[in-house]
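Asker: what's the 3D shape of this:
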Amino acid sequence: MRRPFEKSDYMSARILTTIKRLDTHALACLCALTEEAHVSRAAQRMGIGQPAMSEMLARLRKAFNDPLLVRTRQGMAATARALEAAEKTRQALQLISDALAGHDGEKSAGFELRIVAVNSLAFSLLPRIVRQLRNAIPNMQISIRPGDVRRTREMLETDECDLVIGYPPVVSGSLHVSTLYKYKLCCVVRQNHPEIVNSISLKQFVSFPHVAFGSGVLPVSTIESAVDKKLRQRRLERVIAVRVPDLLISPAVVAETDCIAVLPEPIAHRFKDMLKLTILPPPIPLPEPRMLMIWHQRSHRDSRHSWIRREIRHLVS
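Answerer: Modelled structure (predicted):
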């Protein structure tokens with residue numbers, strides 16, 4: 001009888017040697033590294049230390065003969081080789097998971113998925129996620145509701161939901177976190193603004209009133225916190241004229257006033273033509289907020305939930 005991966009098979013001797021050196025844990029680390037594009041976050045996701053993940057990255061680089069992660073101005077980024085390898089690896093790991101589960105994968109059983117997400121995400125991204133998941137599991141029940149992302153840990157620990165998708169200010173180290181994507185921020189004003197036309201100066205930015213997301217002393221939004229922090233570094237302060245409970249309300253308020261709003265670019269572009277808005281680069285450098293997907297240890301190793309998280313990452317990427 002022929003042995004598995006015998007030399008006469010289609011695989012080369014080099015590939016056979018590489019397969020013997022890699023295990024499923026190493027391949028799962030490859031997926032985590034490419035999706036997170038960050039060694040520490042990938043290590044946290046895999047439940048290992050940062051030094052161990054660094055050693056794993058070096059091992060994977062040697063196996064694939066590719067840097068896999070490279071430094072850019074925006075941070076680390078996966079190479080084309082890494083993305084291609086990770087996609088095929090995910091498929092292989094899914095087949096292994098299905099075999100261990102002893103049934104025809106996650107599609108064989110429906111269940112309720114409870115997602116807490118900010119409304120702006122529910123508007124722009126979740127419809128595609130729902131379509132993808134429902135096509136794969138027709139009898140799945142999906143419940144989506146808004147929630148205060150400051151309660152992320154409490155909601156997950158008390159089993160109020162299965163996933164939180166948003167940009168919470170702080171995430172507890174006891175939870176599992178995956179970065180879905182980063183987005184750029186922009187300034188939005190109405191067309192025919194009395195002073196702001198093709199660009200916005202720092203003086204105009206602090207002179208005209210703002211529409212801000214979040215109410216109360218502690219704003220929910222990391223966007224507003226980032227703007228205020230950058231202004232404080234310059235010993236400046238803006239005027240908040242209106243606070244709204246939802247980012248999707250800000251464009252409508254801006255369209256009817258001389259106010260300014262700082263919004264994620266995807267949201268601004270969705271409303272640009274509809275509300276006759278002008279989109280401008282901010283007059284100060286602002287960080288690129290990360291949209292996070294967060295879950296509890298309770299569902300971390302559940303095969304169905306693992307499959308769902310992979311599908312969401314794949315769709316977003």
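
Asker: Which residue ranges of the stretch 51-200 of the chain form strands?
Answerer: 69-72, 75-78, 112-117, 141-145, 163-166, 176-182, 185-190 (DSSP state E, counting those that start in this stretch).

Asker: Out of these, which gets nearest to Met56?
Answerer: Smallest distance to Met56 across the strands of the stretch 51-200 of the chain (C-beta to C-beta): 11.6 Å, for strand 69-72. Bear in mind the C-beta positions are built from the backbone N, C-alpha and C, glycine included.

Asker: Give the buried residues for the helix or strand containing Cys29.
Answerer: In this assignment (DSSP states H and E), Cys29 forms part of helix 24-36. Under the neighbour-count criterion of 16 or more other C-beta atoms under 10 Å, helix 24-36 has 27-36 buried.

Asker: How about stretch 38-50?
Answerer: Judged by neighbour count (16+ other C-beta under 10 Å), stretch 38-50 contains these buried residues: 38-39, 41-46, 48.

Asker: Nearest to Arg114 among these?
Answerer: Distance to Arg114 across the buried residues of stretch 38-50 (C-beta to C-beta) is lowest for Arg45, with 21.1 Å.

Asker: contacting residues for that closest one?
Answerer: Residues near Arg45 by C-beta atoms under 8 Å, 6 or more residues apart in numbering: 32, 36, 176-178.

Asker: check contacts around Lys182.
Answerer: Counting by C-beta under 8 Å, 6+ apart, Lys182 makes contact with 74, 288-291.

Asker: tell me, what residue is most central in the protein?
Answerer: Leu180 (1.8 Å; C-alpha atoms, centre = their mean).

Asker: thinking again about what came up before, distance to Met53 and pLDDT for the buried residues of helix 24-36 - can I get that in TSV?
Answerer: Formatted as TSV, those follow (distance: C-beta to C-beta, whole Å; pLDDT from 0 to 100):
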residue	distance to Met53	pLDDT
Leu27	14	85
Ala28	11	87
Cys29	7	90
Leu30	11	88
Cys31	12	88
Ala32	8	88
Leu33	7	91
Thr34	13	88
Glu35	13	86
Glu36	10	88
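
Asker: Could you count how many residues lie near Lys229?
Answerer: 12 (other C-beta atoms under 10 Å).

Asker: now it: how far from Arg59?
Answerer: According to C-beta to C-beta, to the nearest Å, Lys229 stands 39 Å off from Arg59.

Asker: residue ranges for the helices of the stretch 1-150 of the chain, please.
Answerer: Counting by DSSP state H, counting those that start in this stretch, the stretch 1-150 of the chain has helices at residues 13-21, 24-36, 39-46, 50-64, 80-101, 119-124, 126-136.

Asker: so can I have JSON lines of those helices showing distance to Leu247?
Answerer: Formatted as JSON lines, the helices of the stretch 1-150 of the chain follow (distance: least, C-beta to C-beta, whole Å):
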{"stretch": "helix 13-21", "distance to Leu247": "47"}
{"stretch": "helix 24-36", "distance to Leu247": "25"}
{"stretch": "helix 39-46", "distance to Leu247": "25"}
{"stretch": "helix 50-64", "distance to Leu247": "34"}
{"stretch": "helix 80-101", "distance to Leu247": "30"}
{"stretch": "helix 119-124", "distance to Leu247": "4"}
{"stretch": "helix 126-136", "distance to Leu247": "14"}
